[in-house]
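**Q** No letters, just coordinates:
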């Protein structure tokens, strides 16, 4: 297969820059343009935000050491740490340099599947965390707003009812917001990657005897 011709077709808008990357034996290092490199960057940015958000949870746990708050935020914090670790592991498996002698099609297909599987697993796991996060946030808000300890608030039926309603109502909102973030952060890069894969498959099929 003529890789140089194929890459010119896939990235015609960046023709001048690509010619220097596809020299024989020279790695394809297109950090600012290639969708795989954009996905690596997005994973790093998300991990940094995850660390900052986790630090915020730790601060709240020390600031409001009620056992209910500690339990709820601990669960959310563990999920955050799990997401950070999985995201960084995924990023480490995406090559920063794509060498011309490797099978570009096989590499892109492998990474496309890995990223989409990671997003799907993250969404499924998060569904069980959103109610806990919503309930913990409601309890913290109720305690701060009223100036009363949670043990006292839990003696009121209205607080229990409001807590349950908030957890139920905020869970789909959090899920939709999460989908929006994924769409903004990853979807356009995954779409470009899928288009590149389809184009390479078409090229391979046309060159088969």
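**A** Now that the structure is in, tell me what you want to look at. For clarity, every value in this text was computed on a predicted model and none was experimentally measured. Numbers count the residues shown, from 1 in each chain.
**Q** contacts and neighbour counts: CA atoms only from here.
**A** OK.
**Q** low pLDDT regions in the protein?
**A** Scanning the chain for pLDDT under 70 picks out the ranges 1-33, 97-103, 204-209.
**Q** ranges for the strands of it?
**A** 27-28, 98-99 (DSSP state E).
**Q** which residues sit in contact with residue 139?
**A** Listed by CA atoms under 8 Å, 6 or more residues apart in numbering, the contact partners of residue 139 are 69, 150, 163.
**Q** hang on, isn't the last one packed against residue 137?
**A** Put plainly, it is residue 163. No - between residue 163 and residue 137 there is no contact, the gap being 9.6 Å when judged by CA atoms under 8 Å.
**Q** hang on, the earlier thing: among the contacts of residue 139, which ones are in helices?
**A** Using DSSP state H, the members of the contacts of residue 139 that fall within helices are 69, 150, 163.
**Q** Closest to residue 117 out of those?
**A** For the ones in helices among the contacts of residue 139, the minimum distance to residue 117 (CA to CA) is 32.1 Å, reached by residue 69.
**Q** burial measure for the spatially closest residue to the closest one that is not a sequence neighbour, as a count.
**A** Once flanking residues are discounted, residue 69 sits nearest to residue 136: 6.0 Å by CA to CA, 6 or more residues apart in numbering. Per other CA atoms under 10 Å, the neighbour tally for residue 136 reads 23.
**Q** Tell me which residues touch residue 136, please.
**A** Residue 136 neighbours (CA under 8 Å, 6+ apart): 68-69, 72-73.
**Q** for those residues, which one is nearest residue 58?
**A** Distances from residue 58 to those, taken by CA to CA, are shortest for residue 73, at 8.1 Å.
**Q** biggest helix in this protein by residues?
**A** helix 104-146.
**Q** gap between it and the chain center?
**A** Its chain's C-alpha centre and that of helix 104-146 lie 8 Å apart, by CA atoms, centre = their mean, to the nearest Å.
**Q** now stretch 174-188
**A** Relative to its parent chain, stretch 174-188 has a centroid offset of 8 Å by CA atoms, centre = their mean.
**Q** Which parts of it count as buried, going by neighbours?
**A** Buried residues in stretch 174-188, counted by 16 or more other CA atoms under 10 Å: 174-175, 185-186.
**Q** Stretch 56-74 too?
**A** So, applying 16+ other CA under 10 Å, buried residues of stretch 56-74: 57-58, 61, 64, 66, 68-70, 72-74.
**Q** the helices in the chain, which residues?
**A** Using DSSP H, helices in the chain cover 3-10, 15-21, 35-63, 67-93, 104-146, 150-153, 157-182, 188-207.
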